[in-house]
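Asks: output the structure for:
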Amino acid sequence: MRRSLLLPFACLALLSACGGSSGGGAARQGNWASMSNPAARYCADLGGRLELRQEQAGEAGYCHLKDGTVVEEWQLYRGRNSL
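Replies: Below you'll find the predicted structure:
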């Protein structure tokens with residue numbers, strides 16, 4: 001009788017130990033979501049102003065540079081423009 005009660009409790013304890021802390025995933029998601037966009041940061045570092053536009057494929061950011069040039073933020077960041 002003791003043995004039949006011990007096995008379920010041992011399994012429950014093992015599963016609880018493997019579960020980890022509650023809410024850890026949400027905390028990691030929150031940290032990831034709050035990380036800054038490197039392309040947007042690069043635009044700002046160059047003195048540009050970021051504009052977000054809704055496009056068919058989703059939202060895209062465009063950097064308005066001081067000289068009047070408008071470049072998609074990730075193209076600017078990756079260096080695919082002629083600046």
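Asks: confirm A39 sits in a helix?
Replies: Yes. When DSSP: H, G, I helix; E, B strand; the rest coil is applied, A39 is found to be in a helix.
Asks: OK, contacts around it?
Replies: A39 makes contact with G61, E73, W74, L76, Y77, according to Cβ atoms under 8 Å, 6 or more residues apart in numbering. C-beta here means a position set from N, CA and C on the backbone, and glycine is covered the same way.
Asks: for D45, see how far away it is.
Replies: Remark: distance between A39 and D45 (Cβ to Cβ, to the nearest Å) = 11 Å.
Asks: one step back: the contacts of A39 in strands, which ones?
Replies: G61 (DSSP state E).
Asks: tell me the buried residues in stretch 59-78?
Replies: With burial defined by 16 or more other Cβ atoms under 10 Å, the residues of stretch 59-78 counted as buried are G61, Y62, C63, L65, V71, E72, E73, W74, L76, Y77.
Asks: send the alpha carbons of that stretch over as PDB?
Replies: Below are the C-alpha coordinates for stretch 59-78, written out as PDB (Å, rounded to 0.1, in the frame of the first residue of the first chain):
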ATOM      1  CA  GLU A  59       4.900  47.500 -41.300                       C
ATOM      2  CA  ALA A  60       8.100  49.000 -42.700                       C
ATOM      3  CA  GLY A  61      10.400  51.700 -41.300                       C
ATOM      4  CA  TYR A  62      11.900  54.500 -43.400                       C
ATOM      5  CA  CYS A  63      14.700  56.700 -42.300                       C
ATOM      6  CA  HIS A  64      14.500  60.400 -43.300                       C
ATOM      7  CA  LEU A  65      18.100  61.600 -43.300                       C
ATOM      8  CA  LYS A  66      19.200  65.200 -42.800                       C
ATOM      9  CA  ASP A  67      20.000  65.600 -46.500                       C
ATOM     10  CA  GLY A  68      16.400  64.700 -47.500                       C
ATOM     11  CA  THR A  69      17.200  61.100 -48.500                       C
ATOM     12  CA  VAL A  70      14.600  58.600 -47.500                       C
ATOM     13  CA  VAL A  71      15.900  55.000 -47.100                       C
ATOM     14  CA  GLU A  72      14.300  51.800 -45.800                       C
ATOM     15  CA  GLU A  73      15.800  51.400 -42.300                       C
ATOM     16  CA  TRP A  74      17.200  47.900 -42.800                       C
ATOM     17  CA  GLN A  75      18.800  48.800 -46.200                       C
ATOM     18  CA  LEU A  76      20.500  51.700 -44.500                       C
ATOM     19  CA  TYR A  77      21.600  49.500 -41.600                       C
ATOM     20  CA  ARG A  78      23.000  46.800 -43.900                       C
END
